[in-house]
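Asker: return a 3D structure for these sequence lines:
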Amino acid sequence: MNFDDPIDRRGTNCDKWDNMLSKYGVSPDDGIAMWVADTDFKPPQAALDEVQRLHDFGIFGYHKDDDGYKASICGWMDRRHNWAVDPDWIATSIGMVNGIATCINAFTEVGDGVIVFSPVYHAFHRVINANNRALVESELVIRDGVYHMDLDALAAQLDGTEKMVLFCSPHNPGGRIWTPEEQRELAAFCQKHDLLLLADEIHQDIIHPGHKHTTIALAAPEITERLIVTTAPSKVFNLAGNYTAQVIIPNERLRRKYFRQRRAFGVSSNITGINMTRAAYDHGDDYVDALRLYLDGNREILFDALAAIPGVTPMPMQATYLGWVDFRNTGMTMGEVARRIQTGARVAANHGHTFGLGGKGFMRFNIATQRAHVTEAAARLSEAFADLQ
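Answerer: Numbers count the residues shown, from 1 in each chain. Predicted coordinates:
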């Protein structure tokens with residue numbers, strides 16, 4: 001796979017490129033989209049071949065989550081993450097956010113508290129609030145340049161109505177890989193306070209050189225009886241538009257509750273998503289290995305440029321393709337920072353406050369695009385803040 005191959009997504013109803021004018025005032029004619037968390041890369045050839053096979057067959061009727069699909073997921077988890085997943089543990093959801101929302105409905109009641117570690121992926125806040133649960137934000141603290149959970153502070157926040165922790169691992173937007181020890185501490189916290197733990201591990205395959213992600217199912221096996229893990233091929237293989245994710249539930253009692261809620265919502269999977277997932281997981285190892293190296297090169301280019309701007313501090317990116325950058329020490333308002341990025345550099349990036357408590361003063365940059373775009377964005381951002389240097 002040549003990730004440098006130019007791919008023009010403009011005019012294709014692409015959210016990231018075609019919506020950045022209305023969202024950020026950055027024209028797709030000469031702007032660079034670095035916000036929505038998908039990539040500008042084609043998926044593995046095997047997944048594309050599967051689409052061609054479906055097209056040639058020409059029948060798109062009802063189908064089932066076949067044994068081969070689940071075997072592919074299990075094989076991937078075993079090969080890449082050393083996690084032996086039973087096929088019976090797997091449920092398919094219409095994208096990861098749907099899987100999380102289904103869990104919220106299955107395992108909590110209206111008014112119950114759902115805990116997140118903020119700043120965090122903004123869809124967490126959206127689905128918690130939309131389902132009339134109480135959003136409980138535990139603000140992450142920066143120590144040694146990276147985020148850490150403050151479980152003592154969280155314990156002091158609790159009022160007894162909390163029922164679930166929604167845990168982003170690896171962390172979006174901070175790019176943090178939680179250590180096995182940190183995950184065990186969180187597991188012990190959940191056991192002590194009788195909390196279910198829903199771990200979103202959708203970024204588990206996008207790990208930068210020198211780092212290693214451990215699924216919480218292995219880091220803290222004692223939490224298995226109250227654990228739900230969500231994952232998907234959407235981020236790493238750029239299959240988000242298929243809305244096909246996996247909810248993995250080792251505990252039978254929890255699994256029955258989840259499937260009951262899934263039936264109540266009338267959830268079914270789609271044939272393209274199922275088949276492309278199977279092909280990507282069966283044949284995507286080399287693709288992911290190459291992607292991780294490519295993204296690390298993109299990270300270096302963008303972060304070197306941003307770190308040279310006085311008062312700007314990129315957070316070390318251990319995982320994901322989402323750069324989390326601190327502009328708080330520039331002496332500027334975030335309105336001025338955004339103006340320089342959007343109007344000056346013509347780059348569309350996420351505003352940090354949308355990720356919740358602790359996000360103000362940050363911007364999130366998606367580096368999963370062709371290196372030419374990243375190089376150009378780095379040059380434009382340097383120029384937009386040139387007067388500070």
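
Asker: so where's the protein shaky on pLDDT?
Answerer: Where the chain drops to pLDDT under 70, the residues are 65.

Asker: now the strands: where do they sit in it?
Answerer: With DSSP state E, the ranges of strands along the chain come out as 32-34, 90-93, 113-118, 134-139, 141-143, 146-148, 162-168, 196-200, 227-231, 245-248, 313-314, 322-326, 347-351, 362-366.

Asker: now those strands as JSON lines including mean neighbour count and distance to residue 47?
Answerer: For the C-beta atoms, the positions are set from N, CA and C on the backbone; glycine is no exception. As requested, these are exported to JSON lines (neighbours: other Cβ atoms under 10 Å; distance: least, Cβ to Cβ, whole Å):
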{"stretch": "strand 32-34", "mean neighbour count": "26", "distance to residue 47": "23"}
{"stretch": "strand 90-93", "mean neighbour count": "22", "distance to residue 47": "17"}
{"stretch": "strand 113-118", "mean neighbour count": "25", "distance to residue 47": "32"}
{"stretch": "strand 134-139", "mean neighbour count": "19", "distance to residue 47": "36"}
{"stretch": "strand 141-143", "mean neighbour count": "11", "distance to residue 47": "38"}
{"stretch": "strand 146-148", "mean neighbour count": "18", "distance to residue 47": "33"}
{"stretch": "strand 162-168", "mean neighbour count": "24", "distance to residue 47": "26"}
{"stretch": "strand 196-200", "mean neighbour count": "25", "distance to residue 47": "23"}
{"stretch": "strand 227-231", "mean neighbour count": "25", "distance to residue 47": "17"}
{"stretch": "strand 245-248", "mean neighbour count": "26", "distance to residue 47": "16"}
{"stretch": "strand 313-314", "mean neighbour count": "20", "distance to residue 47": "32"}
{"stretch": "strand 322-326", "mean neighbour count": "24", "distance to residue 47": "23"}
{"stretch": "strand 347-351", "mean neighbour count": "24", "distance to residue 47": "27"}
{"stretch": "strand 362-366", "mean neighbour count": "26", "distance to residue 47": "21"}
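
Asker: need these in CSV (columns: distance to residue 79).
Answerer: Below are the strands of the chain laid out as CSV (distance: least, Cβ to Cβ, whole Å):
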stretch, distance to residue 79
strand 32-34, 31
strand 90-93, 16
strand 113-118, 29
strand 134-139, 34
strand 141-143, 34
strand 146-148, 28
strand 162-168, 24
strand 196-200, 20
strand 227-231, 14
strand 245-248, 16
strand 313-314, 32
strand 322-326, 25
strand 347-351, 32
strand 362-366, 27
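
Asker: so residue 301 sits against residue 376, correct?
Answerer: No: taking contacts as Cβ atoms under 8 Å, residue 301 lies outside contact range of residue 376: 10.0 Å.
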